[in-house]
Structure formats: structure tokens, C-alpha cells
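In: the sequence and its predicted three-dimensional model are supplied below.
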Amino acid sequence: NLVFWGGAWHATVCIFSENPTLLGEDERSVWHSIDEDKVHMLRTALEEGLCTDHELEVVVTLHGFRVCADGGLIAVFVEDAAQSFTALRASAKELGTRAIGPLNSRPKKLIHVTLGRILELPS
């Protein structure tokens, strides 16, 4: 997801809890909600672990667009040779897992922005 916040565009690095309607039956059986206490713990862990005084430069380039099996329309990106986005994603996932336990989301290997989702075909 791309969000305009604080005068700049921001991309989602890691999803900590997926909407259960997007999960398969096996994944949905272990899904659990994340209450406000866990949200606070997660926020604190990410602020202390990722948000520092120096800027982290992450470089990605638009590769193309894809329609996914779950109806999602995404823009797909490739990262720089240093794999800065992958490192940032791994750090966020590790901090989140330590703070709130196992993540409730499908693994994301692509660098992408969800542009929309087709929920059902018109009749």
C-alpha cells in the first residue's frame, strides 16, 4: 500500500496481520486478532528498532503491473543491488515477531504496491 504522509509517499514494508478473508483455510484457522496492547508493543519495537536519526535509503524501480489470483492489481518493483528493501523488510518482520509473536500474514516476496482488488466479477 502506498500512503502519502508527512509530505512524502510511503510503502508498506511488512504486514503483521492480514485480513482473514484473504487467507486460505489453513492460515485462517491460526489467525488471531491483534489487540491495542499488541499494537502499542509493535509500534514501540519498530520505533526503537527502525526509526533512527539517520535516513535509510531504499531504492526500488518500477518493473510492471500484475493481476494476482486473489484479484489484486499490483505494481511490481525491483530493488537495488544492495537489496536495501529486503533488509528493511527482514528487520521489520524480526522486530514485529519478537514484539507480538508469529505474524498473521501471507509471506510477501515481491516488492509491490496494491493498487486495488477485484472482489467479484460483474454479472
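Out: Everything's here; your move. Since this is a predicted model, take the numbers as computed values, not measurements.

In: now do the nearest residue to Ala82 once chain neighbours are set aside against Glu27, distance only.
Out: Counting by CB to CB, 6 or more residues apart in numbering, Ala82 lies nearest to Val59, which is 7.8 Å off, once chain neighbours are set aside. From N, CA and C alone the C-beta is placed, and that goes for glycine too. Look at Val59 and Glu27: by CB to CB, to the nearest Å, they are 32 Å apart.

In: equivalent analysis for Thr61, please.
Out: Distance, Thr61 to Glu27, by CB to CB: 31 Å.

In: look at those two and report which has more neighbours.
Out: Per other CB atoms under 10 Å, whichever of Thr61 and Glu27 has more neighbours is Glu27, with 14 against 9.

In: state the helix or strand in which the more buried one lies.
Out: Secondary structure from DSSP states H and E places Glu27 in helix 25-29.

In: tell me how many other residues crowd Gly116.
Out: Gly116 - counted by other CB under 10 Å - has 9 other residues nearby.

In: can you check His112 too?
Out: Residues lying near His112 (other CB under 10 Å) number 20.

In: please apply the same query to Gly64.
Out: If you count neighbours by other CB under 10 Å, Gly64 ends up with 9.

In: quick check, pLDDT for it.
Out: We have a pLDDT of 93 for Gly64.

In: isn't there a strand covering it?
Out: Yes - per DSSP: H, G, I helix; E, B strand; the rest coil, Gly64 lies within a strand segment.

In: re earlier: ok, the residue nearest to Ala82 - contacts?
Out: 79-80, 82, 84-85 (CB atoms under 8 Å, 6 or more residues apart in numbering).

In: backbone dihedrals for it, please?
Out: Dihedral angles of Val59 (phi, psi; degrees, to the nearest 10) stand at phi -110, psi 120.

In: how close does it sit to Trp31?
Out: 34 Å.

In: one more: Ile74?
Out: 22 Å.

In: between the two, which has more neighbouring residues?
Out: Ile74 (18 against 13).

In: was I right about the more buried one contacting Arg117?
Out: No - the criterion here is CB atoms under 8 Å, and Ile74 misses it with Arg117 at 9.5 Å.
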